[in-house]
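Trainee: Here is the input, now give the coordinates:
(2 chains)
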Protein chains: 2
Amino acid sequence: MAQAIPVSPLKVDLPPLPPLKGVRLGVAAAGLRYQGRPDVMMMEFAPGTTVAGVFTSNKCPGAPVDWCRTALKGEAARALVVNAGNANVFTGRAGVVACEATAAAAAALAGCKPSEVFLASTGVIGQVMPHEKLAAALPALHAELKETGWADAARGIMTTDTFPKACARTATIHGTKVTIIGIAKGSGMVAPDMATMLSFVATDAGIPAAALQSLLRKGVEASFNRTTVDSDTSTSDTVLLFATGQAGHDRVSALPGTALDDFQEQLNALLLDLALQVVRDGEGAQKLVKVTVKGALSDSSAKRIAMAIANSPLVKTAIAGEDANWGRIVMAVGKAGEPADRDKLSVAVGGVWMARDGGVVEGYDEAPVVAHMKGREIDIEVDIGLGKGEATVWTCDLTHGYIDINGSYRS
Amino acid sequence: MAQAIPVSPLKVDLPPLPPLKGVRLGVAAAGLRYQGRPDVMMMEFAPGTTVAGVFTSNKCPGAPVDWCRTALKGEAARALVVNAGNANVFTGRAGVVACEATAAAAAALAGCKPSEVFLASTGVIGQVMPHEKLAAALPALHAELKETGWADAARGIMTTDTFPKACARTATIHGTKVTIIGIAKGSGMVAPDMATMLSFVATDAGIPAAALQSLLRKGVEASFNRTTVDSDTSTSDTVLLFATGQAGHDRVSALPGTALDDFQEQLNALLLDLALQVVRDGEGAQKLVKVTVKGALSDSSAKRIAMAIANSPLVKTAIAGEDANWGRIVMAVGKAGEPADRDKLSVAVGGVWMARDGGVVEGYDEAPVVAHMKGREIDIEVDIGLGKGEATVWTCDLTHGYIDINGSYRS
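Mentor: Presented below is the predicted three-dimensional model:
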């Protein structure tokens, strides 16, 4: 399929992943596309589990995204089935049939309704999913589900990922400790071939679906929606959050309140951790890049400017070349289409302000900038000089590795 | 500065460039940045020459762009001075001073007002322009201006370009033949370092400035604004059109009329020819890619979808890998944010419809597609299936050469 891809130098190791009450999970090899490795992951949730989801904004989503959007209306989840190797995208009626068959097979095993089964697929587009193979693998997989399967699950959903991605945090609700565990895969913001971003998070907290949806939407906005690898948007990007309610804390209201403040904070931190792991595994990435824009007219304007910088091929290739090319950053600010005044603009790299108020800072100390550019984590700051709007986004550099991974002929 | 860049395999040869009445031009080596090659180009126009201009949409334009926008209000041009090696961008007050000094020096030689002198600069950003060197080179340059200097001029404005770009056409106005000659430089849609897109066109037609501006705006919309190399937008992009009025045809009105229909058609063809030469010299380009979208809800919607395809790094790397990856094309349609229905979408590569009405065409003939992908000119067609909107845009593939050119450390 693809040549062996070297492990990202920005890799982080899997953290300890403890059992989470109300979730049993595992993986199996169904031979959908890959041979000799797990390619199906299943989770089963305790009765009473609520669910929230955020999906791709792509107008041509895969059939599993449509399935999950509909299933979310039931606010209840009992199972999740994820496969790697076939995206079940652009497969017409056959895609819908594959979803129905997979959900029915999982529901029979979990003893629930098909609408309580959630689905995600990642892999090649436009090939009909061999869903019979998938269904055939489920009974043995279901029989082996266990609470300690998180690390295997993180590995089982990988495609072009060069390392598995997971994060665990604890939070406090009404004085009771709850756990949150999440796994993710993705190594371009997307490559519809292989590198869709998927993330599955579970908690033993008990949170009504409406509140859970609000928590997840805010968390994704502050994490996955602040990262970009190549500006492309998968047809399958999916983040699902399941709450099993097994932690035994006092009841929380479906309405917004302070009881979930710590949970929101820890969830945001977990989602940002996972999102940055995806960027660290960005196709060909050699450097993790943080772009902070301040002084814009609004936070949303600052975010659009920051994303224009983070998506600029010229900025990203300069970083790959370890060149603190602030001229390209100025160009990217200008192309964002947001309010900006050339003569009020300032740019810093690695904390050193190289350009200030529309011109180069004469005699700035270049040595620390050169040293910073040789590192793995690059820090860009831009002050627009017009207002109080701020935003931070993350990306990676654009290297020969990206061309290698995405320009190789599918065999 | 940069390593030697191989000449683009998509290169076209300079066409014959005859003299054009009312324009004398030439080049000189001012040593602004490059050594041992011309880096200043000057044109002098006959009295009565009108002018039109279209500039970058970047919000942080260079000082010469500001200068030209102001000078255009006078509707008259007597000279053009262009330098390569220093963009005079993000240089604060010093940038304005450099423009004033250069225009004054050229005006003294041409015997005109400084506001009748047009300026363009391309090269590195943020370095103060050594305008004294430029002014010092002008008297000898001016003394050598001649009507046959077009090919030298095309070479003198190159930066990272690997071949010079020019085009000549004739048109008929009121029964009289007029000539149009244009030159261009650019080899990314932009790299603010080195590869801004500049184009200078002259005609011996006599056309009032208001009509000339309308002709140019329509021509640029149908050509340069339909091409992209890397989605980045230079701080200096400039297209200027000068009309010397020396062809001796009957007077044309400043109001729109049919007298200029043939001129518009030939101007559009010339500008598209130049724009495609720029794409053919796209940094690292190995293939010229034409993207046609039909069946969108409007022409502007079709153009946005076509540009989303043309700018997608995943589509462009697939083409570099000679992979007719229609899944990535579907992804790019979906991310454009325009109305699209996955189940009505069709995709053709090299004239072969691989996907139709939301699914792969079972048993389509892959052999001609594979052969097409190995060629230099790639043809992608998408039918959205919703309406009558159409648009065609052009781009190039994304290769290791792009990373080489843009990721090398500036020395």
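Trainee: what's the distance between the closest residue to A:L276 other than its chain neighbours and chain B?
Mentor: Spatial nearest neighbour of A:L276, chain neighbours left out: A:W394 (6.0 Å); criterion: Cβ to Cβ, 6 or more residues apart in numbering or on different chains. Placement of C-beta: from N, CA and C, glycine included. Distance of A:W394 to chain B, computed by Cβ to the nearest Cβ, to the nearest Å: 17 Å.
Trainee: likewise A:D66?
Mentor: To chain B, A:D66 is 9 Å away according to Cβ to the nearest Cβ.
Trainee: send the alpha carbons of the lowest-mean-pLDDT helix or strand in chain A over as CSV?
Mentor: Counting by mean pLDDT, DSSP states H and E, chain A has its least confident helix or strand at helix A:400-406, which shows a mean of 81. The C-alpha coordinates for helix A:400-406 follow below in CSV (Å, rounded to 0.1, in the frame of the first residue of the first chain):
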residue,chain,number,x,y,z
HIS,A,400,9.4,16.3,1.9
GLY,A,401,7.7,13.6,4.1
TYR,A,402,4.3,15.1,3.3
ILE,A,403,4.9,14.7,-0.4
ASP,A,404,6.3,11.2,0.1
ILE,A,405,3.2,10.1,2.0
ASN,A,406,0.6,11.8,-0.2
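Trainee: so what does that helix touch, helix or strand wise?
Mentor: Judged by 3 or more Cβ pairs under 8 Å, 6 or more residues apart in numbering or on different chains; DSSP states H and E, helix A:400-406 is in contact with helix B:313-320, helix B:400-406.
Trainee: chain center to it, what's the gap?
Mentor: 20 Å (Cα atoms, centre = their mean, to the nearest Å).
Trainee: Out of the helices and strands packed on helix A:400-406, which is the most enclosed?
Mentor: helix B:313-320 (a mean of 27; mean count of other Cβ atoms under 10 Å in any protein chain shown).
Trainee: Output the contacting helices and strands for the helix or strand just after it.
Mentor: Using DSSP states H and E, the helix or strand that follows helix B:313-320 in sequence is helix B:326-335. If contacts are counted by 3+ Cβ pairs under 8 Å, 6+ apart, helix B:326-335 sits against helix B:299-311, helix B:313-320, strand B:346-349, strand B:352-356, strand B:377-383.
Trainee: In PDB, could you pull the C-alpha coordinates for the helix or strand hosting the residue nearest to A:L276?
Mentor: Here A:W394 sits within strand A:389-396, counting by DSSP H and E. Below are the C-alpha coordinates for strand A:389-396, written out as PDB (Å, rounded to 0.1, in the frame of the first residue of the first chain):
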ATOM      1  CA  GLY A 389      -8.800  39.900  20.000                       C
ATOM      2  CA  GLU A 390      -6.600  36.800  20.700                       C
ATOM      3  CA  ALA A 391      -6.300  33.300  19.400                       C
ATOM      4  CA  THR A 392      -3.800  30.400  19.400                       C
ATOM      5  CA  VAL A 393      -3.700  27.600  16.900                       C
ATOM      6  CA  TRP A 394      -1.300  24.800  16.200                       C
ATOM      7  CA  THR A 395       0.100  23.300  13.000                       C
ATOM      8  CA  CYS A 396       3.200  21.500  11.800                       C
END
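Trainee: That one to strand A:377-383, inter-axis angle?
Mentor: 150 degrees (axes from the mean of the first three to the mean of the last three Cα atoms, to 10 degrees).
Trainee: And for strand A:389-396, what's in contact with it?
Mentor: A:10, A:226-229, A:275-276, A:279-280, A:282, A:284-303, A:305-307, A:310-311, A:316 (Cβ atoms under 8 Å, 6 or more residues apart in numbering or on different chains).
Trainee: try it again with 6 Å
Mentor: A:226-228, A:276, A:279, A:282, A:285, A:289-294, A:296-299, A:301-303, A:306-307, A:310 (Cβ atoms under 6 Å, 6 or more residues apart in numbering or on different chains).
Trainee: Derive a PyMOL selection command for the buried subset of the residues you listed.
Mentor: With 16 or more other Cβ atoms under 10 Å in any protein chain shown as the criterion, this PyMOL line picks the buried residues out of these:
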select buried, chain A and resi 226+227+228+276+279+282+285+289+290+291+292+293+294+296+297+298+301+302+303+306+307+310
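Trainee: which residues sit in contact with whatever residue of the stretch 101-250 of chain A ends up closest to chain B?
Mentor: With Cβ to the nearest Cβ, the shortest gap between the stretch 101-250 of chain A and chain B falls at A:I125, namely 3.0 Å. Taking Cβ under 6 Å, 6+ apart, we find A:I125 in contact with A:A87, A:V89, A:F90, A:P192, B:G327.
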